[in-house]
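> With the sequence up front, the predicted model follows.
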Amino acid sequence: MDAQVNQTTDHDLMTEVARGNLASMSEIYRHRHRSLFRFFFRMTGKQATAEDLVHEVFLRMIRYRHTYQTGDGFEAWMYRIARNAFADQTKKHRLEVPAEEGLFDLTAEARPSAFEQVSKKQDLALLYRALRELPEDKRELIILSRFQGLSCEQIGELMGAAQGTVKVRVFRAMKEMGKIFLDLQKEKAS
Amino acid sequence: MICGHARELMAASWMGDLDPGGAAKLRQHLDGCPECSAEMSQLGMMWERLADIPAPEPSPLLNERWEMTLESLVTQRKAKSWRFSLAALTPGRPVWQIAAAAFLLIGGIGIGRLLPRGAGVERGGVERGGVERGEVAALRDEVAKTKEMVTLSLLQQQSASERLRGVDYSARMASLDPQVVTALVQVVKNDTSVNVRLAAIDALSKVSADAGVRRSLTQSLGQQDSPMVQAALIDYVVEARDRHAMGPLTELAARPDLNPAIRQRAESAVRRLTEYHY
């Protein structure tokens, strides 16, 4: 099922939930929980926190189901809730930049025979670190546009900004990430 | 075109949001601006490379937790809609409420007078007593089920004080349903609040004879970050005289980052368990 079909289906399902059929939320969860988890994991770097936030977003969708309007896109509405949940969580516990995700466990594969593969992986690990070291607002922009597949228009709606502004911000975020990446490479080489 | 506009177009091209006219303008600018051309090449490559970062996966626990929450919410809603339907049947104004009560009272007295007195006691007193006892037992069962439902629902709440209330509810139950036990074990393992975790350990003392619960709690010992929770878990396994906890306790005591007081407690627990069993 592609994103557009999901968007339409989830819109219908959410309309059902808003009418009081809470069981329809089960299907929305099936379509969306993985993508939301990835968003939160990339924002927080923590498995348990990301899972708590996913749970919280679905609870809030049920709690605020009456605010779902048929004119709104489902995705924009869901990410609005997700961003609020993340902001509340951040207020409660200041999230530190983690390094424990296990996405890039290099030690197990660091054999000379796989040198090229490892160095590529190390570069990727540095890139991931650069993304993690970006300020939260810039990291969010890259995550939404690159990983979550949101269009310029959707991000603009979500953040209350014009499309041109979103593009300029994405460029700036990429440039800053590039600078961090180069610094990390120099640090590693020295 | 100025460099500022070219940067906007660069981002648009990475995001797949660039029309053919914009693409032509960007190409033209890049041909004449080495600085923008270098940026487009380096940052564009980085943008592509981001796609290779592995995608993390949620644990199966998340699904279990959500299914439990949704089930409980759907059940609650059904119960609520029943309450609403009953409320719709009751008269709204006090005058009508009094009239309805009087009607029911008079009707009840009338029916009571029409029934033959004592017949039930003479003919089927024992049987009727049995039926009443059965009804009371069914009612008790119903109350217990409601309490379980409320407990499970409270344990899923975002607020720590609500979850604490859920644990308190479970502590007041005469016996713990397996679903509540599983939920309490999950609380001990994953709850963010130390107070809630401590209360859940207390509530689980009723089922310390259950080897599965003891095993789960012993396993969670190594993952706890709070010394208070670690101490409560150590006490739990010692009280339960669980000899299988000796290995994990020894491992815990050997951890270099462990709080010295907890190390002492873990070592003492191992000694006590050794005395019990050997």
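Yep, that arrived.
> Any idea how many residues pack against residue B:213?
For residue B:213, the number of neighbouring residues by other Cβ atoms under 10 Å in any protein chain shown comes to 22. To be clear about C-beta, it is placed using only N, CA and C from the backbone, and glycine gets the same treatment.
> Could you do residue A:133 as well?
15.
> Over to residue A:151?
16.
> what pLDDT does the closest residue to it other than its chain neighbours get?
Leaving aside its sequence neighbours, residue A:151 sits nearest to residue B:17 (Cβ to Cβ, 6 or more residues apart in numbering or on different chains; 6.6 Å). On pLDDT, residue B:17 comes in at 88.
> my read: residue A:174 touches residue B:46, true?
Yes - using Cβ atoms under 8 Å, residue A:174 is in contact with residue B:46, at 6.7 Å.
> Neighbour count: those two, which is higher?
Higher neighbour count among residue A:174 and residue B:46: residue A:174, with 27 against 18, using other Cβ under 10 Å.
> Which helix or which strand is home to the more buried one?
Following DSSP states H and E, one finds residue A:174 within helix A:163-189.
> buried ones in that helix?
Within helix A:163-189, the residues scored as buried using 16 or more other Cβ atoms under 10 Å in any protein chain shown are A:163, A:166-171, A:173-178, A:180-181, A:184.
> Just give the number of residues close to residue 19.
Using chain A here. 11.
> Sorry, I should have been clearer: chain B.
The number of residues packed near residue B:19 is 10, by other Cβ under 10 Å.
> Mind telling me which residue is nearest the centre of chain A?
Nearest residue to the geometric centre of chain A (Cα atoms, centre = their mean): residue A:39, 2.1 Å.
> Which pLDDT value belongs to that residue?
Confidence score, pLDDT, at residue A:39: 95.
> From chain B, how far off is residue A:189?
Computed with Cβ to the nearest Cβ, to the nearest Å, the distance linking residue A:189 and chain B is 17 Å.
> give me every residue that touches that residue.
Neighbour list for residue A:189: empty [criterion: Cβ atoms under 8 Å, 6 or more residues apart in numbering or on different chains].
> next one: residue A:130
A:177-178, A:180-181, A:184.
> ok, now residue B:15?
Contacts for residue B:15 (Cβ under 8 Å, 6+ apart) come out as A:145, A:151-152, A:167, A:170.
> now these in JSON lines, with distance to residue A:46 and pLDDT?
Compiled in JSON lines, the contacts of residue B:15 are given as follows (distance: Cβ to Cβ, whole Å; pLDDT from 0 to 100):
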{"residue": "A:145", "distance to residue A:46": "22", "pLDDT": "94"}
{"residue": "A:151", "distance to residue A:46": "28", "pLDDT": "90"}
{"residue": "A:152", "distance to residue A:46": "29", "pLDDT": "91"}
{"residue": "A:167", "distance to residue A:46": "30", "pLDDT": "95"}
{"residue": "A:170", "distance to residue A:46": "25", "pLDDT": "96"}
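> Against chain A, how distant is residue B:231?
To chain A, residue B:231 is 22 Å away according to Cβ to the nearest Cβ.
> my read: that residue touches residue B:265, true?
Yes - Residue B:231 is in contact with residue B:265 according to Cβ under 8 Å; the separation is 5.8 Å.
> need the contacts of residue B:15 in TSV with distance to residue A:124, can you?
Converted to TSV, the contacts of residue B:15 look like this (distance: Cβ to Cβ, whole Å):
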residue	distance to residue A:124
A:145	19
A:151	26
A:152	26
A:167	26
A:170	21
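> thinking residue A:22 is in contact with residue B:76, fair?
No - taking contacts as Cβ under 8 Å, residue A:22 lies outside contact range of residue B:76: 9.2 Å.
> more neighbours, those two?
With neighbours defined as other Cβ under 10 Å, residue A:22 and residue B:76 compare such that residue A:22 has more, 19 against 14.
> Just list the residues touching the more buried one, thanks.
Counted by Cβ under 8 Å, 6+ apart, residue A:22 has contacts A:62, B:70, B:73-74, B:77.
> next structured bit after whichever strand or helix holds residue B:146?
When elements are assigned from DSSP H and E, residue B:146 belongs to helix B:119-155. Counting by DSSP H and E, the next helix or strand C-terminal to helix B:119-155 is helix B:160-171.
> Now do that next one: everything it contacts.
Contacts for helix B:160-171 (Cβ under 8 Å, 6+ apart): B:147, B:150-157, B:176, B:180, B:184, B:187, B:191-193, B:195-196, B:199-200, B:202-203.
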